[in-house]
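1. Curious how this folds, go ahead:
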Amino acid sequence: MKEVTSKVDNSCGVVSVVLGIIGILFSSLGGVILGVVGLVFGIKQKKYTPQNKWAIAGIILNIISIVLGILLFILALYLASYLFSSLTNLESLAKG
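-> Purely as a prediction, here's the structure:
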């Protein structure tokens, strides 16, 4: 008799890891979007195979991507407001 071996489909977990890595590299608003999409894939993979290493790694990477993207977006807003206030101060000094 032939033994039937079941292969575990890791495709959603691998996609989650890839999106997490790309999201970290593009850590901005795009990184947050990729992080959310990758997190959905990781959670979907983990639901079907709870101990899947790809899913766990993807979830961790995508959470890092989301947090890093949000922090860098807040930093960009802070720097933009600082630059705007500096330019406003220079303009007022130039007027006299």
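2. just for this protein, where's the confidence low?
-> For the chain, the stretches with pLDDT under 70 are 1-6, 96.
3. max-length helix in it?
-> Longest helix in the chain, counting residues (DSSP state H): helix 53-95.
4. Which strands or helices does that helix pack on?
-> On a contact count with 3 or more CB pairs under 8 Å, 6 or more residues apart in numbering; DSSP states H and E, helix 53-95 meets helix 11-25, helix 29-48. To be clear about C-beta, it is placed using only N, CA and C from the backbone, and glycine gets the same treatment.
5. Let's verify S27: helix, strand, or coil?
-> With DSSP: H, G, I helix; E, B strand; the rest coil as the basis, S27 sits in coil.
6. Contacts only, for the residue nearest to I59 when sequence neighbours are not counted.
-> Counting by CB to CB, 6 or more residues apart in numbering, G42 is the residue found nearest to I59 once chain neighbours are left out, at 4.0 Å. Residues near G42 by CB atoms under 8 Å, 6 or more residues apart in numbering: 12-13, 16-17, 20, 55-56, 58-59, 62.
7. Of these, which is the nearest to G35?
-> Nearest to G35 among the contacts of G42: N62, at 4.4 Å, using CB to CB.
8. Assess the claim that the closest one and G38 are in contact.
-> Yes. If you go by CB atoms under 8 Å, N62 and G38 touch, sitting 4.1 Å apart.
9. list the residues that contact both of those two?
-> With CB under 8 Å, 6+ apart, N62 and G38 have common neighbours 16, 19-20, 23.
10. would TSV of those residues with neighbour count and distance to L79 be doable?
-> Below are these laid out as TSV (neighbours: other CB atoms under 10 Å; distance: CB to CB, whole Å):
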residue	neighbour count	distance to L79
S16	32	31
L19	25	27
G20	28	26
G23	27	22
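11. Columns distance to F73 on top of those residues, output as TSV?
-> Listed next are the shared contacts of N62 and G38 as TSV, based on distance: CB to CB, whole Å:
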residue	distance to F73
S16	22
L19	18
G20	18
G23	13
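12. Of those residues, which is the nearest to L77?
-> Out of the shared contacts of N62 and G38, the member with the shortest distance to L77 (by CB to CB) is G23, at 19.6 Å.
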